[in-house]
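S.K.: task: produce atomic coordinates for the following.
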Amino acid sequence: MNGSFDRRLGVAAGALAPVVALGTILLATALSPTFSWAGSALSDLGVTPASALAFNGGLVAGGVLALPLAWVLATDGRSVLTVAFGFTAVSMALVGVFRSGHPLHFPVALGFYLGATLTMLIDGIGSIRADGRAWGLAAIGLAVVHLGAWIAWSAGVRPGSGLAIPEAIGAVLFAIWVWTTASRLRSSGRRG
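M.R.: As a prediction, this is how the structure comes out:
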């Protein structure tokens, strides 16, 4: 295989990762007889027998599919972004391995959400420095909205005590970042 094909495959796998992760999260919400957007955490889907396989399997698959995109970022010389994104992808997969109630669940879930925010911020700052001001500001904006969702939830601006809404907002914002990054990599053939 040549490098160009490997790169295209890495970008495609990365773009597929959020489709798999978000798709299986939505499937799990439909399968779970107890899930509530206002009163549950997304991770509750990983312990409910009816939804556990879809939820946990989707997160593991999504995390694994994201890793080739980290390789593409590494080949473009974005080492800090590569580490942040790779950490986030592995953390997402580990949320599916260490389901809610396991002692490692909280650290890996926190790692995913903090990693997603840092990945978007690192890319935003790096893009602004590399003359990609519009995308840089957009990436930073995604991170700020993610933080804002958690601040609002912490301040009591929420329909219930569940974490699912700010978690889903963070997952969707990170998916937008992944899809946009993959699209930019695909159209330019190079990062930046």
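S.K.: residue 43 and residue 66: what is the separation?
M.R.: 19 Å (CB to CB, to the nearest Å). (Glycine included, C-beta is placed from N, CA and C.)
S.K.: compare neighbour counts for those two and give me the winner.
M.R.: residue 66 (27 against 23; other CB atoms under 10 Å).
S.K.: show me what contacts the more buried one?
M.R.: 13, 14, 17, 85, 88, 89, 92, 178 (CB atoms under 8 Å, 6 or more residues apart in numbering).
S.K.: which residue is the nearest non-sequential neighbour of the last one?
M.R.: Which is residue 178. With sequence-adjacent residues excluded and distances taken as CB to CB, 6 or more residues apart in numbering, residue 178 is closest to residue 18, at 5.1 Å.
S.K.: read off the pLDDT value for residue 78.
M.R.: With respect to pLDDT, residue 78 scores 89.
S.K.: I figured it hits residue 125, correct?
M.R.: No: Residue 78 lies out of contact with residue 125 (CB atoms under 8 Å); the separation is 11.6 Å.
S.K.: now do the SS call for residue 165.
M.R.: Secondary structure, DSSP: H, G, I helix; E, B strand; the rest coil: residue 165 is helix.
S.K.: check residue 35 too.
M.R.: The three-state label given to residue 35 by three-state DSSP is coil.
S.K.: quick one: contacts for the closest residue to it other than its chain neighbours?
M.R.: With sequence-adjacent residues excluded and distances taken as CB to CB, 6+ apart, residue 35 is closest to residue 29, at 5.2 Å. Counting by CB under 8 Å, 6+ apart, residue 29 touches 35, 37, 45, 51.
S.K.: look up which helix or strand residue 29 falls in, please.
M.R.: Taking DSSP states H and E as the definition, one finds residue 29 inside helix 3-31.
S.K.: all helices of this structure, in order?
M.R.: Counting by DSSP state H, the chain has helices at residues 3-31, 52-75, 79-97, 105-129, 133-154, 164-188.
S.K.: distance between the fifth one and the chain's centre?
M.R.: Distance, stretch centre to chain centre, for helix 133-154: 14 Å (CA atoms, centre = their mean, to the nearest Å).
S.K.: show me what counts as buried in that helix.
M.R.: 135, 136, 138, 139, 140, 142, 143, 146, 147, 149, 150, 153 (16 or more other CB atoms under 10 Å).
S.K.: and the pLDDT at the residue nearest to residue 178?
M.R.: pLDDT at residue 18 comes out at 99.
S.K.: what does residue 192 give?
M.R.: Predicted confidence (pLDDT) for residue 192: 42.
S.K.: list the contacts of residue 150.
M.R.: Contacts of residue 150 by CB under 8 Å, 6+ apart are 113, 166, 170.
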